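Student: here are the coordinates; sequence isn't available:
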Ligand SMILES: Cc1cc2nc3c(=O)[nH]c(=O)nc-3n(C[C@H](O)[C@H](O)[C@H](O)COP(=O)(O)OP(=O)(O)OC[C@H]3O[C@@H](n4cnc5c(N)ncnc54)[C@H](O)[C@@H]3O)c2cc1C
């Protein structure tokens, strides 16, 4: 049988049909070990990010988690992993130091600095197409607290806010990772009162350093006069609430793209499809600022050693009914298409939620190397991954 390994299922949308395949769920493998002296976490394949960030935080250490506490460490990291510390410390995948992985021949292998260099390279951002990962080990960073939060503006100010944010991203150091966002919050009891049912333009930012340094860096955006300002010193594990992703998995769909740049014309194009006057079911349209460590070759980096794109866009909406799912898909596609003139040469692995070959979400050279590794370890394509890799034919 072919095998589709899966933790949470957050990344299941692009999967090929699974008829006749085995869905191999790792949800009961949530063990995590923190080695504070070595600054390393070991997470079993089914661990969620909150399983790592909370105990790591007790030692003053931070992991390169993403925006949501309930996303799986393994799927997120295999696809790159872009979080709140990305401009300073890079993609989560490039902080992986070792992987335990069962290859399709049934052998449990350890890939680390001294063993299985191809497998280690492949799991560092190349997706999960070479075997079933049973555990990952990764570097942690000494971040006890940081200056982070969101500035909320009325959605009518979206153009002004996004233009100001984009200009500001050209001035900030690698210590700041931020995004500009248009957010339409549903009128649901789960959403806290001051935000419930309201539409916003906002900037979310995480600044490594103390409050004084952070406040000085954020000041140009504060001067715009937000309605609500939550930027303050927070413990590193609290970063998982900054993006306000739902605490529990909810039906949602989206799509995204790497952008070579995000100039004024691109902002205007995005405002036309998602701004205050747009009739859209998209709850969130965000643009993340990349660069910094993401743009520099990570020492010992893997399939996504560098990201040759200045920004990343992701658009998503809630999909409780099939009709809404179709509408959200169409509008996410339209948001992506509106930015087509600024697309980078490939999309971001973790943000591509429509079926796509790994060749569409990885640098070309990486895809070709991955094809050779696939031919060695999984020539019969036993493993089904989010974005498929076709083995090289020798
Ligand atoms: C609310 C939310 C917030 C997000 N925020 C971010 C973010 O900030 N940054 C970012 O980069 N991404 C983000 N993502 C995208 C996320 O990284 C991807 O959806 C990712 O695929 C989720 O991984 P998972 O393990 O939770 O999902 P799963 O569906 O369980 O796994 C995804 C894929 O990973 C592979 N895989 C999983 N487990 C194994 C295994 N044991 N062995 C081999 N292969 C395996 C499989 O190919 C699987 O299809 C977010 C997603 C959501 C839903």
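Tutor: Okay, I see it. Values in this document were obtained by computation on a predicted structure and should not be read as measured data. Numbering: from 1, shown residues only.
Student: which parts of the stretch 51-200 of the chain sit against the ligand?
Tutor: Proximity of the stretch 51-200 of the chain to the ligand, by Cβ under 6 Å from any ligand atom, involves residues 66-68, 71-72, 74-76, 78-83, 127-128, 132-133. C-beta coordinates here come from the backbone N, C-alpha and C atoms, glycine included.
Student: hmm, residue 79 is touching residue 125, no?
Tutor: Yes. Using Cβ atoms under 8 Å, residue 79 is in contact with residue 125, at 7.1 Å.
Student: who touches both of the two?
Tutor: Residues touching both residue 79 and residue 125 by Cβ atoms under 8 Å, 6 or more residues apart in numbering: 93, 349.
Student: in helices, which of the residues of the stretch 51-200 of the chain next to the ligand appear?
Tutor: 74, 75, 76, 78 (DSSP state H).
Student: which among these end up buried?
Tutor: Neighbour-count burial (16 or more other Cβ atoms under 10 Å) is assigned, among these, to 74, 75, 76, 78.
Student: residues in contact with the first one?
Tutor: When contacts are counted by Cβ under 8 Å, 6+ apart, residue 74 touches 7, 26, 43, 45, 46, 47, 128, 133, 136.
Student: would you list every one of the helices in the stretch 51-200 of the chain?
Tutor: Per DSSP state H, counting those that start in this stretch, the stretch 51-200 of the chain carries helices over the ranges 73-78, 86-89, 117-123, 158-169.
Student: what comes up buried for the longest one?
Tutor: Put plainly, it is helix 158-169. 158, 159, 161, 162, 164, 165, 166, 168, 169.
Student: about what we covered before: quick check, nearest of the contacts of residue 74 to the ligand?
Tutor: residue 128 (2.2 Å; Cβ to the nearest ligand atom).
Student: what's in contact with stretch 384-394?
Tutor: With Cβ under 8 Å, 6+ apart as the criterion, stretch 384-394 contacts 2-4, 11-12, 14-16, 18, 21, 75, 79, 126-129, 349, 352, 356-358, 360-362, 367-368, 370-372, 374-375, 378-379, 381.
Student: mind checking which of those are in strands?
Tutor: 2, 3, 4, 21 (DSSP state E).
Student: how close does the last one get to residue 358?
Tutor: In this view, residue 21 and residue 358 are 18 Å apart by Cβ to Cβ, to the nearest Å.
Student: and these two? which has more neighbours close in?
Tutor: Neighbour tally, residue 21 and residue 358, criterion other Cβ atoms under 10 Å: the higher count belongs to residue 358, 25 against 16.
Student: contact partners for the more buried one?
Tutor: Per Cβ under 8 Å, 6+ apart, neighbours of residue 358: 126, 127, 129, 349, 367, 370, 385, 387, 388, 389.
Student: most neighbours of all those, which one?
Tutor: residue 126 (30 neighbours).
Student: so that one touches residue 303, yeah?
Tutor: Yes. Counting by Cβ under 8 Å, residue 126 touches residue 303, with 3.4 Å between them.
Student: got any residues that touch both of those two?
Tutor: By Cβ under 8 Å, 6+ apart, the residues touching both residue 126 and residue 303 are 362, 366, 370.
Student: want to throw those into a markdown table with pLDDT?
Tutor: Output for the shared contacts of residue 126 and residue 303, formatted as a markdown table (pLDDT from 0 to 100):
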| residue | pLDDT |
| --- | --- |
| 362 | 98 |
| 366 | 98 |
| 370 | 98 |
